[in-house]
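In: Show me the folded form of this:
(one chain, ligands or ions: 1)
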Amino acid sequence: MSRQRFGSVRFIIAFSFLFSLLSFSFSFLSWDSAAVRPAFHPIPVNLELAAHMGAHAALGALAALPTLNVVAVLTGGVNAALTDVDHIGSHLGLPLEGRASHGLPFGLLVAVILYLAARKGILGRELPPVIAGCIGLASVLAHIAMDSVSGDPMMPVWMPFYRAQVAVTPPFGVLTEVAAVAIVWAASAARRRLQSEKTRTPA
Ligand SMILES: [Zn+2]
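Out: Prediction:
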């Protein structure tokens, strides 16, 4: 494997590991807030789940498309699906919300932490820190967008500040995906402008 490709794979794995760890940890902020105390129930691994995850990945990849960067698009796809790591606690029977990380506070938190991790070089140098942070936020927004149109619009979108579930109706879900694309597009465009200004030699 070439050095560059290894760097890309390392970035996606490091980003996804950190993102999943954050989603799982964040779900503990919903301790005792679920209406019904969950009992242990295994995750149903079937075709329906695979299709649902595939749809999450597609919207996550779409949100990262304005970067015109393959690593960013793959990272967006993988992590939009990985938002659902917050389900694990309730499947284990812990008194947690199944969708605790399906919200804006979580999206902003991952944006900040992934930005800082990228700045420290923890993720490698494949993507600039601002883009890494934006992909984190866009992954969460793209995930919410897909869930809103998949039949169950109830999510605790303000967790942990307001712990009740809120209905994210499909039109609002579409707006959420548009917002995810717009955030990545704005950050990518700003970065490209900055880079072209830097490389322009003074007359
Ligand atoms: Zn979900």
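In: Quick one: name the residues of the chain near the ion.
Out: Contact residues, the chain versus the ion (C-beta under 5 Å from the ion): 84, 147. Any C-beta I mention is one placed from the backbone N, CA and C, and that applies to glycine too.
In: all strands of the chain, in order?
Out: For the chain, strands defined by DSSP state E occupy the ranges 154-155, 166-167.
In: tell me the most buried of these?
Out: Using mean count of other C-beta atoms under 10 Å, the stretch among the strands of the chain with the greatest mean number of neighbours is strand 154-155 (a mean of 18).
In: Turn the strands of the chain into CSV, columns for mean pLDDT.
Out: Shown next, in CSV, are those (pLDDT from 0 to 100):
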stretch, mean pLDDT
strand 154-155, 96
strand 166-167, 96
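In: Adding distance to Ser101, write those strands out as TSV.
Out: TSV is the format used below for those (distance: least, C-beta to C-beta, whole Å):
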stretch	distance to Ser101
strand 154-155	10
strand 166-167	14
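In: So Ala167 is in contact with Met154, correct?
Out: Yes - the criterion here is C-beta atoms under 8 Å, and Ala167 meets it with Met154 at 5.8 Å.
In: What's the separation between the closest residue to Arg191 other than its chain neighbours and the ion?
Out: Spatial nearest neighbour of Arg191, chain neighbours left out: Pro128 (6.2 Å); criterion: C-beta to C-beta, 6 or more residues apart in numbering. Going from Pro128 to the ion by C-beta to the ion, to the nearest Å gives 28 Å.
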